[in-house]
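In: attaching a predicted model along with its sequence, questions to come.
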Amino acid sequence: MRPINLNDALVLDREAPQTLVRQLHDLLREMVLNRKLRPGTELPSTRSLASDLSIGRNTVIAAYDQLLTEGYLLNRDNARPVVVDLPLGPPAHETPEPAEVLSKLSARGREMLEQPFFIGQTGRTAFHPGMPDAEEFPFVQWSRLLARRAAAGRESLFGTYDVLGYPQLRESIANYLNAARGMRCSPEQVVITTGAQGAFDLLARLLIDPGDAVWMEEPGYYGAQAAFALAGATLLPLHVTLDGWILEISPVPTPKVIYVTPSCHHPLGVTMQIEQRLRLLKSAEQMNAWVIEDDYDSEFRFHGHAVPAMHGTDNSHRVIYVGTFAKMLFPALRLAFMVLPRALTDRIGHALSVSGHVAPLVLQAALADFISEGLMTSHLRRMRRLYTARRDVFREVCNAELADRMDLGIGSGIQAIGFFRGDLDDKAVADAARRRGIIVSPLSMQYRHGAARHGLVLGFASTPIERIRAGVSKLRDAFLEVEAASGARRSGRRSPIEAKRSVREAQ
């Protein structure tokens, strides 16, 4: 077949961000796929096409070579390339309906998509639960440490080594936990993971068979609940109130795992007393159950001394401790750690490799330096002072502006609970707040069994004092919007906000 004239079909834009090679490749590729260039068609020589398009011959050669590599053209000895006879692909379809796509997922995939989750919004940190103030983090020093490690890392940090974690970081964590959290662990028991959620996912797969029972705090952390539910566990509620953990729970079925946040309950902020800790550990021993201690926020106590970890009172080697740097530093770091009983550490590297929960070594090395050079200690000391001041102002303003709508409770940690006094839907209030740039979490999403209590989980750490009052004012406006809508629905009338929206739409 004789070569064809492509001059009219190939229009190149020298001002476009794509290179001329990429543009020529893409145009020819589309012509082959759409059969505008039929199978067996002989392309012009590189010299003649370059002359026709007023471009360099090397540009045409590069585009032809890429098409040959990808299989769109066939090269021949001492002859011009020809178009390959490609099979027809599937016909174009309209975008499938969501139900059609979901029906093709596995049962576990569908369940995963149905799990509750909470995510913030870029640039909006006002009252975001559990969010530290990243703007106060010493990024200048951190960048120096990271650059130094990246420059000198070579093969020790850029390969798949030290799957359990960077040795210096594991040692620093063990030393800190033994000194500050009252634990008795060695560096060999410390395993670094990609965030606390990565640890929960790994532990759920390691410890749970489908149908196994797991005691989960109620209300409790939805991320851990999701990890165990997706592993096939039967979740049983371990109820928690402001007075503590209710341990009078039937041992039938016998739990395989008990999950608790004893130092700072999520989300209520209460601390488990020693009497309850000992009773829980005794029950775990009698039932031969693992205990997962999630110590997500123990660094920020604003009165008294730090409460020792429950791990330190465990003599039966069944407590698995999970800690994170998300609150101490910033969440996007995605570094957390587990302290495992020695019996689990020997082969845990296999599970880490298979699951992919292996954290980047260069980040771990920089963090080890951040700790060893004393930057962690000074940062935490400064943030405790800053958060204490914000906590006091936040409580004062909330009690002044919102006491008629919610009862504010602040325990340990960097977030608070606002229990609703009325019967409003906390998800509706959270949505209304988000539209005003205020990020809060509905308390009801922390429940899985029975009637959920409504309220808000509110963070105060990431909001500067000068912006707290304005933020609370916007939160009050969110309450007013939901109250107006709720009252209008009960009376059969449109709310003022709905009426204004209808006028705008009519205009």
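Out: Received the coordinates, thanks.
In: can you pull out the strands in this protein?
Out: Taking DSSP state E as the test, the strands found in the chain are 73-76, 79-83, 190-193, 213-218, 234-241, 244-245, 255-260, 290-294, 319-324, 336-339, 406-409, 415-420, 441-442, 455-459.
In: adding mean neighbour count, distance to E15 and mean pLDDT, write those out as a markdown table.
Out: Every C-beta, even on glycine, is put in place using the N, C-alpha and C of the backbone. Converted to a markdown table, the strands of the chain look like this (neighbours: other Cβ atoms under 10 Å; distance: least, Cβ to Cβ, whole Å; pLDDT from 0 to 100):
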| stretch | mean neighbour count | distance to E15 | mean pLDDT |
| --- | --- | --- | --- |
| strand 73-76 | 15 | 28 | 88 |
| strand 79-83 | 18 | 29 | 89 |
| strand 190-193 | 26 | 48 | 96 |
| strand 213-218 | 24 | 59 | 96 |
| strand 234-241 | 17 | 59 | 95 |
| strand 244-245 | 18 | 67 | 94 |
| strand 255-260 | 25 | 59 | 97 |
| strand 290-294 | 24 | 55 | 97 |
| strand 319-324 | 25 | 49 | 96 |
| strand 336-339 | 25 | 48 | 96 |
| strand 406-409 | 18 | 57 | 93 |
| strand 415-420 | 22 | 51 | 94 |
| strand 441-442 | 24 | 48 | 95 |
| strand 455-459 | 27 | 47 | 95 |
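In: okay if I get those as TSV plus distance to E483?
Out: Compiled in TSV, the strands of the chain are given as follows (distance: least, Cβ to Cβ, whole Å):
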stretch	distance to E483
strand 73-76	68
strand 79-83	68
strand 190-193	43
strand 213-218	28
strand 234-241	27
strand 244-245	33
strand 255-260	36
strand 290-294	36
strand 319-324	37
strand 336-339	40
strand 406-409	12
strand 415-420	11
strand 441-442	16
strand 455-459	14
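In: tell me which of the ones you listed lies nearest to P132.
Out: strand 455-459 (8.9 Å; Cβ to Cβ).
In: partners of that closest one in the sheet?
Out: Neighbouring strands of strand 455-459 in its sheet, by DSSP bridges, are strand 415-420 (antiparallel), strand 441-442 (antiparallel).
In: which residues sit against that strand?
Out: Strand 455-459 has contacts (Cβ atoms under 8 Å, 6 or more residues apart in numbering) with 127-131, 267, 394, 398, 406, 414-420, 426, 429-430, 440-444, 446.
In: circling back: now distance to I249 too, for the strands paired with strand 455-459, in a markdown table please.
Out: Formatted as a markdown table, these follow (distance: least, Cβ to Cβ, whole Å):
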| stretch | distance to I249 |
| --- | --- |
| strand 415-420 | 23 |
| strand 441-442 | 26 |
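In: so which of those strands gets nearest A62?
Out: strand 441-442 (52.9 Å).
In: just how off-centre is that closest one within its chain?
Out: Its chain's C-alpha centre and that of strand 441-442 lie 16 Å apart, by Cα atoms, centre = their mean, to the nearest Å.
In: repeat for stretch 329-341
Out: 12 Å.
In: quick one: terminal-to-terminal distance for it?
Out: End-to-end distance of stretch 329-341 (Cα to Cα, to the nearest Å): 27 Å.
In: contact partners of it?
Out: Stretch 329-341 has contacts (Cβ under 8 Å, 6+ apart) with 131-132, 134, 137, 165, 170, 173-174, 177, 183, 185, 189-196, 198-199, 203, 311, 317-326, 348, 359, 363-364, 367, 379.
In: what do you get for stretch 31-39?
Out: With Cβ under 8 Å, 6+ apart as the test, stretch 31-39 has contacts from 4, 9, 28, 30, 43, 67, 72-73, 83-86, 89.
In: again, only using 6 Å
Out: Y72, V83, D85 (Cβ atoms under 6 Å, 6 or more residues apart in numbering).
In: can you list the residues you listed in JSON lines and add distance to N34?
Out: Formatted as JSON lines, those follow (distance: Cβ to Cβ, whole Å):
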{"residue": "Y72", "distance to N34": "12"}
{"residue": "V83", "distance to N34": "12"}
{"residue": "D85", "distance to N34": "14"}
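In: rewinding a little: among the strands paired with strand 455-459, which is nearest A284?
Out: By Cβ to Cβ (comparing all of the strands paired with strand 455-459), the closest turns out to be strand 415-420, at 27.4 Å.
In: gap between F228 and R205?
Out: Noted for F228: a distance of 10 Å to R205, by Cβ to Cβ, to the nearest Å.
In: same question, E248
Out: With Cβ to Cβ as the criterion, E248 and R205 are 31 Å apart.
In: where does the stretch 1-150 of the chain dip in pLDDT?
Out: Along the stretch 1-150 of the chain, the model assigns pLDDT under 70 to residues 1-5, 92-93.
In: give me the more crowded residue out of F228 and R205.
Out: Neighbours were tallied for F228 and for R205 using other Cβ atoms under 10 Å; the higher tally belongs to F228 (26 against 16).
In: if we can go back for a sec, nearest to Y259, of the contacts of stretch 31-39?
Out: Each of the contacts of stretch 31-39 was scored against Y259 by Cβ to Cβ, and Y72 proved nearest at 54.6 Å.
In: G349: neighbour count?
Out: 15.
In: so it sits right up against D162, yeah?
Out: No: G349 lies out of contact with D162 (Cβ atoms under 6 Å); the separation is 9.4 Å.
In: show me the helices in the stretch 151-300 of the chain, by range?
Out: In the stretch 151-300 of the chain, the helices defined using DSSP state H, counting those that start in this stretch lie at 154-158, 167-180, 195-207, 222-230, 274-287.
In: as a markdown table, those with distance to R148 and mean pLDDT would be great.
Out: What follows is the helices of the stretch 151-300 of the chain, written out as a markdown table (distance: least, Cβ to Cβ, whole Å; pLDDT from 0 to 100):
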| stretch | distance to R148 | mean pLDDT |
| --- | --- | --- |
| helix 154-158 | 11 | 76 |
| helix 167-180 | 14 | 93 |
| helix 195-207 | 24 | 95 |
| helix 222-230 | 34 | 94 |
| helix 274-287 | 42 | 95 |
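In: how about those helices in a markdown table, adding distance to V339?
Out: Listed next are those as a markdown table, based on distance: least, Cβ to Cβ, whole Å:
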| stretch | distance to V339 |
| --- | --- |
| helix 154-158 | 24 |
| helix 167-180 | 7 |
| helix 195-207 | 10 |
| helix 222-230 | 17 |
| helix 274-287 | 16 |
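In: wait, which of the ones you listed is closest to R436?
Out: Across the helices of the stretch 151-300 of the chain, R436 has its closest neighbour in helix 222-230 (23.9 Å, Cβ to Cβ).
In: could you name the helices and strands sitting against that closest one?
Out: Counting contacts by 3 or more Cβ pairs under 6 Å, 6 or more residues apart in numbering; DSSP states H and E, helix 222-230 packs against helix 195-207.
In: show me which residues of the helix it packs on are buried.
Out: G195, A196, Q197, G198, A199, F200, D201, L202, L203, A204, R205, L207 (16 or more other Cβ atoms under 10 Å).
In: where does the stretch 251-400 of the chain dip in pLDDT?
Out: 301-305.
In: my bad, the stretch 401-507 of the chain
Out: Along the stretch 401-507 of the chain, the parts satisfying pLDDT under 70 run over 488-507.
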